[in-house]
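Asks: whatever this is, show me its structure:
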Amino acid sequence: MANNYNSLFQAGAGVISTAAKTRIIAVHAHSTVAGSFDIKGATSGVLKFFVAANESADIYIGDMGVPMVGSVSVSVPADGAALTLIVG
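Replies: The predicted structure follows:
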């Protein structure tokens with residue numbers, strides 16, 4: 001089990017990390033409107049999930065995580081949405 005976890009926060013869409021290589025361990029997302037969150041690596045989309053209006057989503061992936069190479073960008077349903085990634 002890794003012990004070098006970090007949290008990355010992004011309000012609205014944008015690039016959340018530029019690390020060369022990382023793994024997504026968990027995700028917390030909140031949105032004021034219903035819509036989908038899309039998390040992409042340098043070459044392809046990795047995670048996509050839906051959140052209802054004024055709701056949150058907590059997703060635990062596990063210690064093996066989802067590998068990401070290159071910059072990690074997020075697309076969110078609205079400017080009022082926020083996303084926190086736990087990476088390690």
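Asks: point out where this structure drops to low pLDDT.
Replies: The chain contains residues with pLDDT under 70 at 1-3, 18.
Asks: tell me the strands in it, going along the chain?
Replies: Using DSSP state E, the strands of the chain run over residues 6-11, 14-17, 21-31, 35-40, 45-51, 55-60, 66-69, 72-75, 82-87.
Asks: could these be laid out in CSV, adding mean neighbour count?
Replies: The way it works is simple: take the backbone N, C-alpha and C, and place the C-beta from them, glycine included. Formatted as CSV, the strands of the chain follow (neighbours: other Cβ atoms under 10 Å):
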stretch, mean neighbour count
strand 6-11, 14
strand 14-17, 15
strand 21-31, 19
strand 35-40, 18
strand 45-51, 14
strand 55-60, 12
strand 66-69, 16
strand 72-75, 20
strand 82-87, 20
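Asks: doesn't P77 make contact with G12?
Replies: No - in this structure G12 lies outside contact range of P77 using Cβ atoms under 8 Å: 10.3 Å.
Asks: more neighbours, those two?
Replies: P77 (19 against 13; other Cβ atoms under 10 Å).
Asks: quick one: the nearest residue to S36 once chain neighbours are set aside from V27, how far?
Replies: Spatially, and ignoring its direct neighbours in sequence, S36 is nearest to F50 (4.9 Å; Cβ to Cβ, 6 or more residues apart in numbering). Separation of F50 from V27 (Cβ to Cβ, to the nearest Å): 13 Å.
Asks: which neighbours do the two have in common?
Replies: Counting by Cβ atoms under 8 Å, 6 or more residues apart in numbering, the residues touching both F50 and V27 are F37.
Asks: off-centre distance for stretch 48-58?
Replies: 12 Å (Cα atoms, centre = their mean, to the nearest Å).
Asks: next: stretch 74-87.
Replies: On Cα atoms, centre = their mean, the centre of stretch 74-87 falls 6 Å from the chain's centre.
Asks: end to end on that stretch, go ahead and measure it.
Replies: With Cα to Cα, to the nearest Å applied, stretch 74-87 spans 14 Å between its terminal residues.
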